[in-house]
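Undergrad: Sharing a sequence plus its predicted fold:
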Amino acid sequence: MNKIISQEFARTSQGEAVHQFILRNENGMQLEIINFGAIITSIFVPDKDGKFEDVVLGFKNPEDYFNSNQYTYGAVVGRYANRISNARFAIDGREYQVTKNEGNNHIHGGKEGFANKIWRAEILEKPECDSLALYYHSADGEEGFPGNLSVTVIYTLRADNALEIEYSAETDRATVINLTQHSYFNLSGKHSAEITDHELQIHADYFLPIDGNSIPTGKICSVKNTPFDFNIMKEIGRDINHDHEQLVFGNGYDHCWVLKESESQIAGNLYHRKSGRNMEILTTEPGIQLYTGNFLDGKYETKTGGYNTFRTGLCLETQHFPNSPNQDHFPSTILNAGEFYKSKTIFRFSVRS
C-alpha cells in the first residue's frame, strides 16, 4: 500500500506553514492537496498512450494560493457554495445577513470562506489505502452565518483511479450548509487550451435558469430542445455561443442542473477525445453546477505553460441548489443542532480509445 507523503508547501504572509500531502496509487495516479482551503493543487492521470499529466488548473507560484485565489482553484468552498441572493436568508423566522462579496449577493462562503482557511490535517491509515482528513471549525457568526460548525473533508485515492471526497459536518445551532469541491478540470493536460473540445454528459432533464445577477429565478426548466441538454454526450463548444438568453446571462455555462435520481448516483461524464482521458462523476448531491471558466482572465501563468485565459478550465460542482435558503421548493440546506450533514462525490478517471 502506498503511504501519503507530507511536506511543507509554502508559508503565508503571516508566516504560517502550509503543508502538502501527496497521495499515489499502484497505477501511478497522483493527487496533491494542501491544508490551506483543502485545495487540490494537482491530479496526475494517464492519457491513452500512458503519459501522465496534471488535469486541474492551479497556480505556478505557491504563494498565489494565499494571496490571489479569486478563482477558488481546487478549494473546498463553504459554508455555502454558490450564491445567496441579497446575502440574506431566514431560519425559523429569524433573518441573517451574510457577507456581500458579489455585488449585493453572497458567493462561496464570503470574503474569506473555507477556501482561505488553514485546515487541520490527519492521515487516516486504512487497510486498503490511506486517506487524508481535513478539519475546520467555523465559529458562530463567521461571515454572518449562525452556529458553530465543525467540518470534515476526507480525500481518498482509490485503486480504481477514483478520487473519493466525503464531507461531514455538525452544528450547535440551526444554520445553512452547502459544500463543494471547486477544481477546474482540463483533461488535455494543457492548461492554456480551451475546454470547448471536451465532451460532456449530464444526467438531468431539468436545469435552473438564472437572472442577470446569476441568481436562480426559482423556476425549474426542461433542458429539452435547449443548449442545456447534455443527456447525450456532446462537445461543450457546440452550443456555448448560442444566443440563448441564459448563455448570455452566464457568459457561457454557469448553471445548476437537477440530477436524475439514480441508485448508481452517476451525475455525468467528461471526456477529452484527443488524450482519451475520461472522468465519471458520481454524487449523493441533488445538483451539479457546470461553470465553463467564463471569467478566467489570463492574469496568472499556468503550471504547464501559457496563461489561464477564457474557458481554459471547467468546474463540475456537485452541490445543493444555489439560493436554496430563499426558495422553499428547492431541497433544504438547513442543518439543525443534533443533525449530521453528509455528502459524497467521486471523480473516477479512466482512458477511452
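TA: Perfect, thanks for sending it. The structure presented is a predicted model; accordingly, all values stated were derived computationally and were not measured.

Undergrad: So what sits opposite Lys234 in the bridge?
TA: Leu200 (DSSP bridges).

Undergrad: Count the residues that sit near it.
TA: Residues contacting Lys234 under the criterion other CB atoms under 10 Å number 14. Placement of C-beta: from N, CA and C, glycine included.

Undergrad: pretty sure it contacts His198?
TA: No - counting by CB atoms under 8 Å, Lys234 does not reach His198; the two are 10.1 Å apart.

Undergrad: hmm, which helix or strand of this structure has the shakiest average pLDDT?
TA: Least confident helix or strand of the chain, by mean pLDDT, DSSP states H and E, is helix 64-67 with a mean of 92.

Undergrad: hmm, who's touching stretch 47-58?
TA: 28-30, 39-46, 65, 71, 73-74, 183-187, 189, 191, 275-277, 279, 302-304, 308, 312-313, 349, 351-353 (CB atoms under 8 Å, 6 or more residues apart in numbering).

Undergrad: Give me the buried subset of those.
TA: 29-30, 39-46, 65, 71, 73-74, 183-187, 189, 191, 275-277, 279, 302-304, 308, 312-313, 349 (16 or more other CB atoms under 10 Å).

Undergrad: Can you pick out the ones from those that are in helices?
TA: Tyr65 (DSSP state H).

Undergrad: Of the buried ones among the contacts of stretch 47-58, which belong to strands?
TA: Of the buried ones among the contacts of stretch 47-58, the ones assigned to strands by DSSP state E are 30, 40-46, 277, 279, 349.

Undergrad: Isn't Leu31 up against Ile165?
TA: No - counting by CB under 8 Å, Leu31 stays clear of Ile165, with 10.6 Å between them.

Undergrad: Give the residues shared as contacts by the two.
TA: Joint contacts of Leu31 and Ile165 (CB under 8 Å, 6+ apart) are Tyr155.

Undergrad: can you give me the helices for the chain?
TA: Using DSSP H, helices in the chain cover 64-67, 245-250.

Undergrad: of all those helices, which lies closest to Ile215?
TA: Closest approach to Ile215 among the helices of the chain (CB to CB): helix 245-250, 9.9 Å.

Undergrad: which parts of that closest one are buried?
TA: Counting neighbours by 16+ other CB under 10 Å, one finds that the buried residues in helix 245-250 are 246-247, 249-250.

Undergrad: Next: stretch 333-341.
TA: Buried residues in stretch 333-341, counted by 16+ other CB under 10 Å: 333, 335, 341.

Undergrad: cool, stretch 141-155 as well?
TA: 142-149, 151-155.

Undergrad: can you list the residues you listed in CSV and add distance to Lys126?
TA: Shown next, in CSV, are those (distance: CB to CB, whole Å):
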residue, distance to Lys126
Glu142, 32
Glu143, 34
Gly144, 38
Phe145, 33
Pro146, 35
Gly147, 31
Asn148, 29
Leu149, 26
Val151, 21
Thr152, 15
Val153, 16
Ile154, 10
Tyr155, 12
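
Undergrad: Columns pLDDT on top of those residues, output as CSV?
TA: Shown next, in CSV, are these (pLDDT from 0 to 100):
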residue, pLDDT
Glu142, 98
Glu143, 98
Gly144, 98
Phe145, 98
Pro146, 98
Gly147, 98
Asn148, 98
Leu149, 98
Val151, 98
Thr152, 98
Val153, 98
Ile154, 98
Tyr155, 98
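
Undergrad: List the ones among the residues you listed that fall in strands.
TA: If you go by DSSP E, the buried residues of stretch 141-155 have 149, 151-155 in strands.

Undergrad: Switch those residues over to CSV; also include distance to Ile177.
TA: What follows is these, written out as CSV (distance: CB to CB, whole Å):
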residue, distance to Ile177
Leu149, 7
Val151, 8
Thr152, 12
Val153, 13
Ile154, 16
Tyr155, 19
